[in-house]
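>>> Build me a model from this:
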Amino acid sequence: MGNQKKGINLNDNMLVKIDVQGYEDRVIRGGQDTISRAEIVIVETSFQCLYEGQPMFEYIYEVLTKMGFSYRGALEQISNPIDGGILQADSLFVKDKGKNMVNCDNGKNSVSVSTCDG
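Residues are numbered from 1 along each chain as shown. This is a model prediction of the structure:
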């Protein structure tokens with residue numbers, strides 16, 4: 001995301017949608033500059049393991065709240081047909097005007113990754 005925006009004039013107050021089948025952590029890490037300018041972020045989050053190494057909802061929640069966003073709920077969700085539990089949801093995060101963004105790559109504010117281990 002970070003390298004893709006070169007030469008593109010992005011406005012602030014944008015919405016960012018992330019739906020990348022288990023690579024959400026890498027997209028967020030690489031796109032912090034763009035995401036920090038967004039007012040709204042919608043991320044497909046997982047509550048049950050679907051892909052090896054994928055980040056789970058708790059990780060995405062922790063990273064985005066440290067970046068100054070508040071979780072506002074799910075827009076859509078998909079349930080597991082076997083047990084009825086939530087598999088995935090499009091999670092809505094909105095920028096908190098009073099919070100400052102924290103760089104999620106530095107040592108002091110690092111986030112432990114909760115992933116599926118195949």
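>>> Give me the neighbour count for the residue found closest to residue 90 once you drop the neighbours it is linked to in the chain.
Using Cβ to Cβ, 6 or more residues apart in numbering and skipping residues adjacent in sequence, the residue nearest residue 90 is residue 75, 4.3 Å away. Quick note: C-beta positions are derived from backbone N, CA and C, even for glycine. For residue 75, the number of neighbouring residues by other Cβ atoms under 10 Å comes to 10.
>>> tell me which element residue 75 falls in.
Assigned by DSSP states H and E, residue 75 falls within strand 69-79.
>>> Okay, buried residues for that strand please.
69, 71, 74 (16 or more other Cβ atoms under 10 Å).
>>> Pull the number of nearby residues for the nearest residue to the first one once chain neighbours are set aside.
If I follow you right, that is residue 69. Distances taken as Cβ to Cβ, 6+ apart put residue 93 closest to residue 69, at 3.9 Å, once the chain neighbours are dropped. Residues near residue 93, counting by other Cβ under 10 Å, number 26.
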